[in-house]
Each structure stands twice: as structure tokens, then as C-alpha cells.
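Q: Kindly return the folded structure for what I paste below:
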Amino acid sequence: MDTRWSATTKYIVAIGLVLAALAILYISRAVLGMIIFALILSLLAFPIIRFLNTRLRFRRGLAVITAYFLLALIVALIPIIITPFALDAIRAINVNAFVEWLEIQLVGLEEWLVSIRTVHLFNIHLSLAPAVDPILDVLAGTAPQEITSLERLLDLVPSAVDSVTSLASFLASTISSVALTIFLTLIISIYFSIDAERFYNGLMAQVPQAYREELGTLLRRIAHVWSSFLRGQFTVSLILTLITWLGATAVGLPGAFILALIAGVLALIPNLGPILALIPAVIVALVQGSTYLPVSNLVFALIVFGLYGLIQQLEGNLITPRIVGQAIELPPVVVLVGVIIGTSTAGLLGAVLAAPIVATGRVVLFYAWNKILDRDPFYQLEEPEPPQPLLSEPVAETVRSAYERMQEQYRLIASAALPWPDDEEE
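A: Numbers count the residues shown, from 1 in each chain. Predicted coordinates:
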């Protein structure tokens, strides 16, 4: 009896499986961000795991645990290292000067709005009061109500206590939720790292033999896009932080370190991040001026604007192409549109991951288009370069030898600690 499905049945089942997969994604949307972060973390840890596993011959599980321990140690050390510099930079920014400058600007804006409530143009009197008055009301604000009696003050005490209690409860639940999310993300990422090869082999086992080579190449190219972008973008962010810190310090920009740190973090958002980082730097330069350059605040703001523009050109034309490579070879307008769509769809995470998602779509689209045209499926796609080792071969050999000697010493110590035969007889 022939139990093979007909073509119609296959199509129906395939469509049903796709719909079921979409439904599962929709149901699990609450934890989708956590899974994405776990995958990103496993990609960042992969070079360390590969080095420990292949070059130093650590067992897979030990290599994964060691890699994640090193990453956790780095993450824990970063705040300890940068906090003193950040506090000094924050103290260097004169908040009172900024408040005074803002008050002056608001007063000037209010006077200008009052002056244009009625516009006189060629003996024509045009009233803009319906549009201007609401803005003036917002600028005027609302005067605080005075507490006229002690009874009124005492009446406010229970509500204040309730507010403090609610705030404390909210903070406790938020901290617990964040801690649980971080812990689960770490556990999921560790499982991804340990079982990555098993997942890959299981996927390949379900693919017909004729398509395995093509699918393997396609997956390698997609992995190359993500690994190159993530590791490269973090490296670019670190380099931009250092360059911006040095440049801002050289021109005497107050709070240079914290502004450079902001620039480095925003550099994770392609194209749009450097523009956003420019805004606080120009505002600080315009309000406080340089710490030693004998120029006006306006001129100094233009100098800072040029400095950030120069750094952005270095990042776009020299640093990023050399570090990230051609993995994200997309026109800037395409990346910018992707960032805007990603931000509106998934917030900050969508903005950061817009570029690799668009680049992944490019790889898949070229593959499908070439298959439709009966061409080489990877035509117009460059072969990804093999990953470079973290350490040179002599250094790796030295570290591996030291690790093997440590293992041998451990085995000798463990054997010496065992009970002697005479002791067992007694």
C-alpha cells in the first residue's frame, strides 16, 4: 500500500507548518528578546570557546564555562574601571550653567512668541494668537499650590507613605524581574553554545543530501554576517570611545569622558548613532565653552561639530570597513531606513540589529534570485574569510603546554591523595 502524500497534501502540510511556526513566534513574543540576546551572547563567546576547545584542547563544556566566566569578569570590571572617570566627567559639566542657559533661551523664546502674536504685513494684521497662546501657556507653567495649614500637611502624610511603599515594591519587583531575566538569558546562551554543533547536525540531517552543501554554505555566510557585525561593532564602539575621548580632551570639551562614552554606546546604532552623539556634545560646548581655548562658545560649538564630523568620517571610511569588513556591505540609506523601521518595531534592540537583519535578507535574497535564474547560488556574494585565531600559534602552543602540565600535576596530586594499600588493610 502506497502511503506517500500527494502534491496537494504536501502543500497543505507545508503551509500549515509555516502558519504554526508564525503562531509559535507570536505566542513567544514576550521572551523573543531574551532568546535574541542569548544568541548574541553565544555569538560573542564563540571565538573564545573555539580557541579554548581547538587550540588549548579544553573539553567543550569546560571551554563554554571558561568563556562565559571570562565574559562575566570583563562585564564586572568595566563599571569598576570607568566609574571614577565618569564621575569626574559628570562633575566637570556645570549643570547650573546649563539650567541658566535654558532659562535664558526660554525667556527669549517667550518674548519672541509674544512679539509674533500679531503680524503686520503690508497693512494686513494677521493674528497668530490661537497658535501662539497654547505654547505660551505651556512655557508659563502652573504655579504650585501652597499648603496653608498643618492639618493639610498631616493629611498628605498617609498618601506619601503609600507612594513610598508602592515605589519600593515596584523597584523590588523590577530588580527581581531583571535579575531573573539576566539569569535565564545566560542559561539559555550557555545551552546554545554547548549544543550548537548538535543543532547544526540535526538540521542538516533533515535536509536532502543534494541540498546540504548549499545550505551549509548559506548558513556559514549568515553566521559570518552576524559574527562580523557584532564583534566588529563592539570593537568599533571601543575605538570610537577612545578617539572621541582624546579629541574632546584635546579641544577642552568639559565632561569629555562621559560624552565619549555616550558616543561609543550610540555607535552601536549604525549611521544614526553618531548623529545622536553629536547633540549633547554641541550643547555642552555651546553652554560652557572650552576649558582653555580662547574662543567664544559659538565658535567652540562649531569646533566640536567639526571634530565629531571628522571622527564620523574616520569611522565610516576607515575604521568600520577594516574591522567589520564587507559583511555589512549596504548603502547608507538602506541601513538608515532599516534603523528607522527597526526602532519603530522593536525599539533600541531593533535599531541595533537592523543592519545585520537587512544584510541577512540580502544574502538570502541573492541566493533565491540566483537559484531562480539557474546561476551559481552564491554569485555576487564573496566567500567569507576564515576566522583569525585569537593568539598566534607559538603563544597558543605555550599556553596549551602549560595547561597540559597543570592537568598532569593535578592527576599526580589526586593520585597521591588516595589511601595507601597498607592503610586500607589496617
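Q: Residue ranges in the stretch 151-300 of the chain under the pLDDT threshold?
A: Where the stretch 151-300 of the chain drops to pLDDT under 70, the residues are 151-164.
Q: ok, and the closest non-adjacent residue to residue 258?
A: Take residue 258 and drop its neighbours on the chain: the residue closest to it by CB to CB, 6 or more residues apart in numbering is residue 89, 3.8 Å away. Glycine gets a C-beta too; all of them are placed from N, C-alpha and C.
Q: so where does the one you found fall, helix or strand?
A: Counting by DSSP states H and E, the element that carries residue 89 is helix 60-92.
Q: what's that helix packed up against?
A: helix 29-50, helix 150-194, helix 256-266 (3 or more CB pairs under 8 Å, 6 or more residues apart in numbering; DSSP states H and E).
Q: 10 Å - rerun?
A: In terms of contacts (3 or more CB pairs under 10 Å, 6 or more residues apart in numbering; DSSP states H and E), helix 60-92 is packed against helix 29-50, helix 150-194, helix 196-205, helix 209-251, helix 256-266.
Q: ok, and which of these has the densest surroundings?
A: helix 256-266 (a mean of 22; mean count of other CB atoms under 10 Å).
Q: after that one, next one along is what?
A: Taking DSSP H and E, what comes next after helix 256-266 is helix 272-288.
Q: which parts of that next one are buried?
A: Buried positions in helix 272-288, judged by neighbour count with 16 or more other CB atoms under 10 Å: 272-274, 277-278, 280-288.
Q: Also compute the angle for that helix relative to helix 209-251, please.
A: Interaxial angle, helix 272-288 versus helix 209-251 (axes from the mean of the first three to the mean of the last three CA atoms, to 10 degrees): 10 degrees.
Q: if we can go back for a sec, report the buried residues of the helix holding residue 89.
A: 63-68, 71, 89, 92.
Q: Need the CA coordinates for the helix or strand that it is followed by. CSV is fine.
A: Proceeding N to C from helix 60-92, the next assigned helix or strand is helix 95-115, under DSSP H and E. What follows is helix 95-115, C-alpha atoms only, in CSV (Å, rounded to 0.1, in the frame of the first residue of the first chain):
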residue,chain,number,x,y,z
VAL,A,95,24.5,71.7,35.4
ASN,A,96,23.7,75.2,36.9
ALA,A,97,25.2,76.8,33.8
PHE,A,98,23.0,74.6,31.6
VAL,A,99,19.9,75.5,33.6
GLU,A,100,20.7,79.2,33.4
TRP,A,101,21.3,78.9,29.7
LEU,A,102,18.0,77.0,29.3
GLU,A,103,16.1,79.7,31.3
ILE,A,104,17.6,82.4,29.1
GLN,A,105,16.6,80.6,25.9
LEU,A,106,13.0,80.0,27.3
VAL,A,107,12.7,83.7,28.1
GLY,A,108,13.9,84.7,24.7
LEU,A,109,11.5,82.2,23.1
GLU,A,110,8.6,83.6,25.2
GLU,A,111,9.4,87.2,24.2
TRP,A,112,9.7,86.2,20.5
LEU,A,113,6.3,84.4,20.7
VAL,A,114,4.7,87.4,22.3
SER,A,115,6.1,89.6,19.5
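Q: now for helix 95-115, which elements pack on it?
A: helix 129-140, helix 272-288.
Q: Give me the buried stretch members for whatever helix or strand comes next after the last one, please.
A: It refers to helix 272-288. Next helix or strand after helix 272-288 toward the C-terminus (DSSP H and E): helix 297-314. Neighbour-count burial for helix 297-314 flags 300-301, 303-304, 307-308, 311-312 (criterion: 16+ other CB under 10 Å).
Q: Just want the angle from helix 297-314 to helix 209-251.
A: Going by the same axes, to 10 degrees, helix 297-314 makes 150 degrees with helix 209-251.
Q: any residues touching helix 297-314, and which ones?
A: By CB atoms under 10 Å, 6 or more residues apart in numbering, the residues outside helix 297-314 that reach it are 101, 239-240, 243-244, 246-248, 250-253, 259-260, 263, 267, 271, 273-275, 277-279, 281-291, 293-296, 319-320.
Q: Regarding stretch 44-56, how distant is the last residue from the first?
A: The straight-line separation of the ends of stretch 44-56 (CA to CA, to the nearest Å) is 19 Å.
Q: Run a quick neighbour tally on residue 356.
A: As a burial measure, residue 356 scores 22 neighbours (other CB atoms under 10 Å).
Q: Surely it and residue 230 touch.
A: Yes. Residue 356 is in contact with residue 230 according to CB atoms under 10 Å; the separation is 7.5 Å.
Q: got any residues that touch both of the two?
A: With CB under 10 Å, 6+ apart, residue 356 and residue 230 have common neighbours residue 40.
Q: about what we covered before: tell me which of the helices and strands packed on helix 60-92 lies nearest to residue 346.
A: Minimum separation from residue 346 across the helices and strands packed on helix 60-92 (CB to CB) falls at helix 29-50, 7.7 Å.
Q: distance of the residue nearest to residue 258 from residue 253?
A: In this view, residue 89 and residue 253 are 10 Å apart by CB to CB, to the nearest Å.
Q: the inter-axis angle of the host helix or strand of residue 18 versus helix 29-50?
A: Taking DSSP H and E as the criterion, residue 18 maps to helix 7-27. If you take the same axes, to 10 degrees, helix 7-27 sits at 90 degrees to helix 29-50.
Q: Using PDB, write out the CA atom coordinates for helix 7-27.
A: Coordinates of the C-alpha atoms in helix 7-27 are reproduced here as PDB (Å, rounded to 0.1, in the frame of the first residue of the first chain):
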ATOM      1  CA  ALA A   7       1.500  17.000  -4.000                       C
ATOM      2  CA  THR A   8      -1.700  18.800  -2.700                       C
ATOM      3  CA  THR A   9      -1.300  17.200   0.700                       C
ATOM      4  CA  LYS A  10       2.300  18.200   0.900                       C
ATOM      5  CA  TYR A  11       1.500  21.800   0.000                       C
ATOM      6  CA  ILE A  12      -1.300  21.900   2.600                       C
ATOM      7  CA  VAL A  13       1.000  20.500   5.300                       C
ATOM      8  CA  ALA A  14       3.800  22.800   4.400                       C
ATOM      9  CA  ILE A  15       1.500  25.900   4.600                       C
ATOM     10  CA  GLY A  16       0.200  24.500   8.000                       C
ATOM     11  CA  LEU A  17       3.700  24.200   9.300                       C
ATOM     12  CA  VAL A  18       4.600  27.700   8.300                       C
ATOM     13  CA  LEU A  19       1.400  29.100   9.900                       C
ATOM     14  CA  ALA A  20       2.100  27.000  13.100                       C
ATOM     15  CA  ALA A  21       5.700  28.400  13.200                       C
ATOM     16  CA  LEU A  22       4.300  32.000  12.900                       C
ATOM     17  CA  ALA A  23       1.800  31.300  15.600                       C
ATOM     18  CA  ILE A  24       4.600  30.000  17.900                       C
ATOM     19  CA  LEU A  25       6.600  33.100  17.300                       C
ATOM     20  CA  TYR A  26       3.600  35.300  18.100                       C
ATOM     21  CA  ILE A  27       2.900  33.400  21.300                       C
END
